[in-house]
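In: next comes the sequence, and after it the predicted model I'd like to discuss.
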Amino acid sequence: MPHPESAPGAAPLATIRPAEGVRVVRAADAVIAESAHALESRLGADDAPMVWLPRAEAGEPFLERTEATFELPGLGRARLLDVIGVSAALRAAAWILESPAAGAEALAGHIAFDPEQVTLERL
């Protein structure tokens with residue numbers, strides 16, 4: 001699962017920086033989000049970056065809030081979102097930080113997408 005639960009105890013601080021280029025998220029035959037203002041987070045140098053797009057630049061009609069939340073190590077508490085497309089509904093395909101951890105406040109109001117369920121492109 002691309003959004004692992006954190007282990008008990010203090011989580012390491014994540015590195016957050018602007019993502020290069022324009023990022024486009026495609027799923028279920030539609031462009032779900034597009035942004036030149038995306039951010040990347042990573043817990044360690046060997047970890048793949050998690051790309052976060054501003055919620056304001058995501059297609060709200062495609063995103064459906066769920067009741068499920070989980071802890072992202074070093075980032076805070078996130079809520080799962082379903083991505084509802086023209087031809088399919090992708091369950092738990094995105095998440096938004098609702099309670100950012102100290103040092104992760106820049107990700108408030110941003111959405112990350114599961115790269116196993118959507119296509120994330122860099123233009």
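Out: Yep, it's here.
In: elements contacting the biggest strand by length in the chain?
Out: Taking DSSP state E as the assignment, the strand of the chain that covers the most residues is strand 89-100. Judged by 3 or more Cβ pairs under 8 Å, 6 or more residues apart in numbering; DSSP states H and E, the packing partners of strand 89-100 are strand 63-72, strand 76-84, strand 110-113. To be clear about C-beta, it is placed using only N, CA and C from the backbone, and glycine gets the same treatment.
In: buried residues, it. List them.
Out: L90, A92, A93, A94, W95, I96, L97, P100 (16 or more other Cβ atoms under 10 Å).
In: relative to strand 63-72, how tilted is that strand?
Out: In terms of direction (axes from the mean of the first three to the mean of the last three Cα atoms, to 10 degrees), strand 89-100 departs from strand 63-72 by 50 degrees.
In: on that earlier part again, tabulate the buried residues of strand 89-100 (JSON lines), appending pLDDT and distance to I16.
Out: Formatted as JSON lines, those follow (pLDDT from 0 to 100; distance: Cβ to Cβ, whole Å):
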{"residue": "L90", "pLDDT": "96", "distance to I16": "25"}
{"residue": "A92", "pLDDT": "98", "distance to I16": "23"}
{"residue": "A93", "pLDDT": "97", "distance to I16": "22"}
{"residue": "A94", "pLDDT": "98", "distance to I16": "18"}
{"residue": "W95", "pLDDT": "98", "distance to I16": "16"}
{"residue": "I96", "pLDDT": "98", "distance to I16": "15"}
{"residue": "L97", "pLDDT": "94", "distance to I16": "11"}
{"residue": "P100", "pLDDT": "96", "distance to I16": "10"}
